[in-house]
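[1] structure, please.
(one chain, ligands or ions: 1)
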Amino acid sequence: MSDLRITAVRAILCQPNTARLVVVRVETNQPGLTGLGCATFTQRHRAVQAAIEHHIGPFMIGKDPCRIEDLWQSAMVNGYWRNGPVLNNAISGVDMALWDILGKRTGVPCHDLWGGRCREAAAVYVHANGSTREEVLERAQAFIAQGIRHVRCQYNDYDGIALARSPSPEGAQPGSYFDARDKLRSIPALFAYLRRELGDTVELMHDVHERLAPIDAVWLAKALEEYRLFFLEDLLAPEDIDWYRTIRAQCATPLAMGELFNHPREYVPIVAERLIDFMRVHISQIGGITPALKLIHLCDPFGVRTAWHGPLDTSPVGMMAALHLDVSCRNFGIQEWMWRNQAEYDLFPGLAEIRQGYVYPNAKPGLGIEMDEALAARFPCTEGNPTWSVTRLPDGTLVRP
Ligand SMILES: [Mg+2]
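    Now for the predicted structure:
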């Protein structure tokens with residue numbers, strides 16, 4: 001047992017880009033030894049902040065930061081009810097910070113703590129969005145020219161809002177509208193066009209964002225099979241997972257899912273039944289690096305590869321945690337990566353950059369990323385609820401986001 005103790009757990013909120021970020025700093029009684037973790041649940045940032053400041057933080061004070069497994073397990077059950085998104089994020093912020101501290105304390109980068117490198121860098125995929133098929137193609141070509149070989153292709157606003165042409169009833173609610181019938185017509189045509197223009201060597205993805213009726217999802221997976229996607233993402237909502245069996249029996253379109261998962265009961269059966277090909281949980285939503293390592297080892301013998309969620313609402317600290325997992329797990333598939341702005345690079349020294357389609361972890365101990373808290377104070381969070389997540393079909397029926 002070491003004399004090292006946790007002395008403070010702080011939630012740091014900032015918004016250097018479009019997403020509100022929640023980063024946790026864990027301090028210890030060893031001068032200068034601190035760790036960073038990602039607790040970003042951008043739509044409910046204040047709830048996570050309160051969970052850290054009032055519950056998870058005080059629970060950690062005085063404990064040995066090197067007992068990561070025991071601290072994760074005990075923080076999970078301390079509130080009795082568990083596996084919800086707010087508390088999972090709060091625990092993730094601490095968990096990642098503890099791995100960061102352990103790496104710094106032992107003088108090795110985090111991936112060396114759990115097995116070392118399987119590869120030097122992680123291949124990434126990026127998003128090519130456009131209002132027209134020509135715009136999508138142009139963006140994809142610009143990425144390919146930079147050496148990127150994996151591109152997710154979408155019409156703007158998840159393929160329906162911009163394309164919605166069906167009339168709505170009089171008095172329809174204001175907000176976002178999505179036309180599922182339009183999506184079914186337009187997406188196979190988009191991929192026929194992209195394959196024609198880009199050829200066979202570039203890898204293409206598409207995200208359905210769980211917005212189709214299950215039987216339409218089955219049809220779309222079959223319709224896209226001939227375009228040989230790298231994967232089709234979130235074809236079904238977590239509530240409709242049972243429909244994957246029907247899809248698997250009918251086509252070989254690779255399937256990716258997981259960014260909405262919080263509870264092991266959501267991701268364990270889907271792996272054990274080999275219903276998907278890529279597990280893409282939002283690492284902070286499942287509770288951090290500790291459960292992600294277990295999930296990696298669960299997926300491996302079932303042939304499921306990783307593709308961790310990597311939007312702007314995964315903080316740069318969370319992206320570096322994902323990257324350390326990417327380079328050290330055999331069953332890595334691909335890493336989603338968004339272009340980060342200068343403010344994020346200034347705030348988070350050590351954040352990796354894309355070079356020829358790859359991102360590289362640095363060799364610094366721990367996660368290899370720091371945070372300039374004084375600068376972060378100059379990027380306060382906006383408040384209020386998101387609007388994009390309340391979307392309707394043309395007749396006004398709500399669809400899942
Ligand atoms: Mg997605």
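[2] can you give me the neighbour number for Glu135?
    Glu135 sits with 14 neighbouring residues when counted by other Cβ atoms under 10 Å. C-beta: built from backbone N, CA, C; applies to glycine.
[3] err, Thr40, not the other one
    Thr40 has 29 nearby residues by other Cβ under 10 Å.
[4] go through stretch 15-34 and flag the buried ones.
    With burial defined by 16 or more other Cβ atoms under 10 Å, the residues of stretch 15-34 counted as buried are 15-17, 19-28, 30, 33-34.
[5] using CSV, write out every CA atom in it.
    What follows is stretch 15-34 as a C-alpha-only set of coordinates in CSV (Å, rounded to 0.1, in the frame of the first residue of the first chain):
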residue,chain,number,x,y,z
GLN,A,15,-16.4,25.1,-24.5
PRO,A,16,-13.5,25.8,-26.9
ASN,A,17,-15.4,24.4,-29.9
THR,A,18,-19.1,23.6,-30.4
ALA,A,19,-19.4,21.0,-27.5
ARG,A,20,-19.5,21.7,-23.8
LEU,A,21,-16.7,19.7,-22.3
VAL,A,22,-16.4,18.3,-18.8
VAL,A,23,-12.8,17.4,-17.8
VAL,A,24,-11.8,16.0,-14.4
ARG,A,25,-8.6,16.7,-12.6
VAL,A,26,-7.6,14.4,-9.8
GLU,A,27,-4.9,15.8,-7.5
THR,A,28,-2.7,13.8,-5.1
ASN,A,29,-0.5,14.5,-2.1
GLN,A,30,2.6,14.1,-4.2
PRO,A,31,3.4,17.6,-5.5
GLY,A,32,2.8,18.0,-9.2
LEU,A,33,1.3,14.5,-9.6
THR,A,34,-2.2,15.0,-11.0
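[6] test my guess that Glu344 contacts Asn17.
    Yes. Glu344 is within contact range of Asn17, at 5.8 Å (criterion: Cβ atoms under 8 Å).
[7] rounded mean pLDDT for the lengthiest helix in the chain, please.
    In the chain, assigned by DSSP state H, the helix with the most residues is helix 85-106. In this model, helix 85-106 has a mean pLDDT of 98.
[8] now the element after that helix, going C-ward?
    helix 110-113 (DSSP states H and E).
[9] which residues touch that following helix?
    Applying Cβ atoms under 8 Å, 6 or more residues apart in numbering, the contact partners of helix 110-113 are 99-100, 102-103, 106, 117, 289, 321, 324-325, 327-328, 361, 366-368.
[10] any buried residues in the longest helix of the chain, and which?
    So, applying 16+ other Cβ under 10 Å, buried residues of helix 85-106: 85-105.
[11] now swap in stretch 195-212 and tell me
    Of the residues in stretch 195-212, those buried (16+ other Cβ under 10 Å) are 195, 198, 202-212.
[12] could you identify the most distant pair in those?
    Leu198 and Glu210 (26.6 Å; Cβ to Cβ).
[13] start and end of stretch 26-46, how far apart?
    Terminal residues of stretch 26-46 lie 19 Å apart, using Cα to Cα, to the nearest Å.
[14] ok, the closest residue to Arg305 other than its chain neighbours - how many residues close by?
    Leaving out its chain neighbours, the residue that sits closest to Arg305 by Cβ to Cβ, 6 or more residues apart in numbering is Gly333, at 3.2 Å. Counted with other Cβ under 10 Å, the neighbours of Gly333 add up to 24.
[15] tell me who's in contact with Gly333.
    Contacts of Gly333 (Cβ under 8 Å, 6+ apart): Asp277, Phe278, Arg305, Thr306, Ala307.
[16] taking the residues you listed one by one, which sit in strands?
    Phe278, Arg305, Thr306 (DSSP state E).
[17] neighbour-wise, which one of the residues you listed leads?
    Neighbour counts for the ones in strands among the contacts of Gly333 peak at Thr306, which has 27 neighbours (criterion: other Cβ under 10 Å).
[18] beta-bridge partners for that one, please?
    Met279, Phe332 (DSSP bridges).
[19] that one contacts Phe332, doesn't it?
    Yes. Counting by Cβ under 8 Å, Thr306 does reach Phe332; the two are 5.4 Å apart.
[20] shaky segments in the stretch 201-350 of the chain?
    Applying pLDDT under 70 to the stretch 201-350 of the chain flags no residue at all.
[21] now do the strands in it.
    Secondary structure of the stretch 201-350 of the chain (DSSP state E, counting those that start in this stretch): strands at 203-207, 231-233, 255-257, 278-279, 305-306, 335-336.
[22] quick check: neighbours of the second one in the sheet, parallel or antiparallel?
    Strand 231-233 has these partner strands in its sheet, going by DSSP bridges: strand 203-207 (parallel), strand 255-257 (parallel).
[23] what's near enough to touch Leu260?
    Applying Cβ under 8 Å, 6+ apart, the residues contacting Leu260 are Glu210, Asp234, Ala237, Pro238, Glu266, His282, Gln285.
[24] nearest to Ala47 among the residues you listed?
    Among the contacts of Leu260, and counting by Cβ to Cβ, the member closest to Ala47 is Gln285, at 13.4 Å.
[25] neighbours around the closest one, how many?
    25.
[26] also Arg265?
    9.
[27] where's it relative to Ile286, distance?
    Distance check for Arg265 against Ile286: by Cβ to Cβ, to the nearest Å, it reads 12 Å.
[28] quick check: domain ranges of this structure?
    6-108, 113-366 (automatic domain parsing).
[29] nearest approach to Pro380 belongs to which of these?
    Once these are compared by Cβ to Cβ, domain 6-108 is nearest, at 6.8 Å.
[30] many thanks, I have nothing further to ask.
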